[in-house]
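Enquirer: Let's see this in three dimensions:
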Amino acid sequence: MLNRRTMIKGGGAAVGVAMSARSYARIKGANDRIHVAVVGVNGRGQAHVSAFTKVPNVVVTHIADCDSAVLAKRAAEFAGRGVPVKTDRDYRRLLDRKAVDIVTVATPDFSHVKVATDAMDAGHHVYCEKPIGIAPAEGEAMIAMQKRTGRIVQVGNQQRSSPETRQLLDIVKAGELGHVYEAQTWYANARKPIGHGKQVPPPASLDWDLWQGPRPRAPYRSNLVPYNWHWVWQYGTGEICNNGMHEIDVARWLMGLAYPTQVVARGSRQFFNDDDWEMYDTMTLDLAYPGDRLIRWDGQSGTGMTRYGRGRGVLLLGNRGSAVVDRNGFELYNLDGKQTRAVKAEATSETTGTVGEGVLDVYHAGNFVDVIRGKASALNSPIEEGHISTNLCHLGNMADRTGQVLTVDPATGRPSSAEAMKLWAVEYQPGWELKA
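Expert: Okay, the predicted model is just below:
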């Protein structure tokens, strides 16, 4: 006998998930409501809350954050709208909540996979922000957990749900640009120095041990939280995983590509030399594919110089024409460089802000919920696709950190370099290892 929980969660096999979701979609009234828990609500999680509350008959019922001050602030915002919400500092306590159907993950990169796999193991569907972890082995573990549990997992590559970008995909497939041989992608942002942090006690509101999650323990430093951990190797993955992944993902999706055969990365510090910024602030990445096809990413963390009036975007070069696309529309050009068509999004999305909120979040969350309910047949960004795009960024970091030109197996994404493979996996704090 099927109850609401059994039907919305689905079975262990893909067919079981689809059948139970379709059955669930026929239920009327309050039983049709899907309950969401958002983990990590100081930054990107705010966009999760906003998006899922705009999807019909979906309600955010739980939020979790290891900073009690952040949690109290977000709870007050819910109260101001007259919507009750339950709070937890420790996300692990909400995983056994029978009323939670979906767990969304908007924590720092290094805990994405731990939270997501724990949620799947507990029986929840997962909406997980990119990147898929801080090393390729984490993505492999996430895929394995998804296959074992049969949970539905959407990765936060929101531009895959853009109607305009999907329209451009149809144009590319129809051959209007001819043979698309190259994609040039970029991200530009005039970030500021992070200074020199001091080892001090963490704020009373912050559970520093819980914030570090699966990472080996280190002392608290005054300039890491809430955002600057991105530029420290202990916790971060650099601008390429932080932002570059979006455009690299769009480029390979539009070109129909997966793993390259060669990876070349040139990272440097042009801006942040007298502070705790450990990584490159400037990078050029080349992903070379068979048939002389190329995806290039140009990352500029210290200058906001735009291209085609955009702080981020993708230029597709074809032998019949070109296209420039970002989150808010696209333009087509002929071989003379003359614009032949322009398509603008009816509603816009943020491009270079730290929250990145916009209508694409709503579309992406809606697609995810529709698949759960059996109203859509396919996710726009399933875990397998998110894993490949994440790994392209990890390969860029590997090439930069080893100083090597990497030869890559296009079937697996694994580099032949033994030194690079040392970065394929990471160590975990005892007791925080990923579940198999």
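Enquirer: List the buried residues of stretch 158-170.
Expert: For stretch 158-170, a neighbour-count test (16 or more other C-beta atoms under 10 Å) marks 158, 159, 160, 161, 162, 164, 165, 166, 168, 169 as buried. In short, each C-beta sits where N, CA and C put it, glycine included.
Enquirer: Mind checking which of these are in helices?
Expert: Residues of the buried residues of stretch 158-170 located in helices (DSSP state H): 164, 165, 166, 168, 169.
Enquirer: Turn these into a markdown table, including distance to residue 101 and pLDDT.
Expert: Shown next, in a markdown table, are these (distance: C-beta to C-beta, whole Å; pLDDT from 0 to 100):
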| residue | distance to residue 101 | pLDDT |
| --- | --- | --- |
| 164 | 30 | 97 |
| 165 | 28 | 98 |
| 166 | 27 | 98 |
| 168 | 33 | 98 |
| 169 | 30 | 98 |
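Enquirer: Check those residues and tell me the two furthest apart.
Expert: Greatest spatial distance among these (C-beta to C-beta): 164 and 169, at 9.9 Å.
Enquirer: which sections of this structure are below the confidence cut-off?
Expert: 1-31, 350-356 (pLDDT under 70).
Enquirer: Run a quick neighbour tally on residue 404.
Expert: By the criterion of other C-beta atoms under 10 Å, residue 404 has 17 neighbours.
Enquirer: For residue 418, see how far away it is.
Expert: Between residue 404 and residue 418 the distance is 10 Å, computed by C-beta to C-beta, to the nearest Å.
Enquirer: do residue 263 as well
Expert: 15 Å.
Enquirer: and if you look at residue 170?
Expert: 43 Å.
Enquirer: can you pull out the helices in the stretch 251-400 of the chain?
Expert: Assigned by DSSP state H, counting those that start in this stretch, the stretch 251-400 of the chain shows helices spanning 359-373, 383-402.
Enquirer: could you dump those to JSON lines with mean neighbour count and distance to residue 288?
Expert: Shown next, in JSON lines, are the helices of the stretch 251-400 of the chain (neighbours: other C-beta atoms under 10 Å; distance: least, C-beta to C-beta, whole Å):
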{"stretch": "helix 359-373", "mean neighbour count": "23", "distance to residue 288": "30"}
{"stretch": "helix 383-402", "mean neighbour count": "24", "distance to residue 288": "11"}
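Enquirer: Using the three-state scheme, assign residue 62.
Expert: strand (DSSP: H, G, I helix; E, B strand; the rest coil).
Enquirer: where's the nearest residue to it once chain neighbours are set aside, which helix or strand?
Expert: Distance criterion C-beta to C-beta, 6 or more residues apart in numbering; nearest residue to residue 62, sequence neighbours excluded, is residue 37 at 3.7 Å. Using DSSP states H and E, residue 37 falls within strand 34-39.
Enquirer: Let me know the angle separating that strand from helix 359-373.
Expert: 130 degrees (axes from the mean of the first three to the mean of the last three C-alpha atoms, to 10 degrees).
Enquirer: Parallel or antiparallel, list what pairs with strand 34-39.
Expert: strand 58-64 (parallel), strand 102-105 (parallel) (DSSP bridges).
Enquirer: For whichever helix or strand comes after it, give me every contacting residue.
Expert: Per DSSP H and E, strand 34-39 leads on to helix 45-52 as the next helix or strand towards the C-terminus. By C-beta atoms under 8 Å, 6 or more residues apart in numbering, the surrounding residues in contact with helix 45-52 are 36, 38-39, 41, 58, 60, 63, 65, 74, 102, 104, 106, 127, 355-358, 361-362, 364-365, 369.
Enquirer: In ChimeraX, select just the buried ones from the residues you listed.
Expert: A single ChimeraX command selects the buried members of those (16+ other C-beta under 10 Å):
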select :36,38,39,41,58,60,63,65,74,102,104,106,127,356,357,358,361,362,364,365,369
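Enquirer: Contacts for the strand holding residue 37, please.
Expert: Here strand 34-39 has contacts from 8, 45, 48-49, 52, 57-65, 91, 94, 97, 99-107, 115, 124, 369, 372-373, using C-beta under 8 Å, 6+ apart.
Enquirer: before we move on, back to that, any idea how far the residue nearest to residue 62 is from residue 119?
Expert: Taking C-beta to C-beta, one finds residue 37 at 8 Å from residue 119.
Enquirer: do the same with residue 140
Expert: Taken as C-beta to C-beta, the span from residue 140 to residue 119 is 18 Å.
Enquirer: Compare the two and say which is more crowded by neighbours.
Expert: Each of residue 140 and residue 119 has its neighbours counted (other C-beta under 10 Å); residue 119 has more, 29 against 20.
Enquirer: related to what we said a few turns ago, any residues in contact with both of residue 37 and residue 119?
Expert: residue 103.
Enquirer: And the helices of the stretch 251-400 of the chain: which comes nearest residue 328?
Expert: helix 359-373 (9.0 Å).
Enquirer: re the thing from before, distance to residue 229 for the ones in helices among the buried residues of stretch 158-170 - can I get that in TSV?
Expert: Putting those into TSV (distance: C-beta to C-beta, whole Å) gives the following:
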residue	distance to residue 229
164	33
165	30
166	34
168	34
169	34
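Enquirer: so residue 210, which of the three states?
Expert: Per three-state DSSP, residue 210 ends up helix.
Enquirer: Which among the strands paired with strand 34-39 is found nearest to residue 279?
Expert: Among the strands paired with strand 34-39, strand 102-105 sits nearest to residue 279 (C-beta to C-beta), with 23.0 Å.
Enquirer: Can you name the element that comes right after that closest one?
Expert: helix 112-121.
Enquirer: Next, the angle from that following helix to strand 34-39.
Expert: Going by the same axes, to 10 degrees, helix 112-121 makes 150 degrees with strand 34-39.
Enquirer: contacting residues around helix 112-121?
Expert: 39, 91-92, 95, 103, 105, 107, 126, 128-129, 131-133, 138-139, 141-142, 145-146, 149, 151, 153, 213-214, 432, 434-435.
Enquirer: try 7 Å this time
Expert: Residues outside helix 112-121 that contact it (C-beta atoms under 7 Å, 6 or more residues apart in numbering): 39, 91-92, 95, 103, 105, 107, 126, 128-129, 132-133, 138, 141-142, 145-146, 149, 151, 213-214, 432, 434-435.
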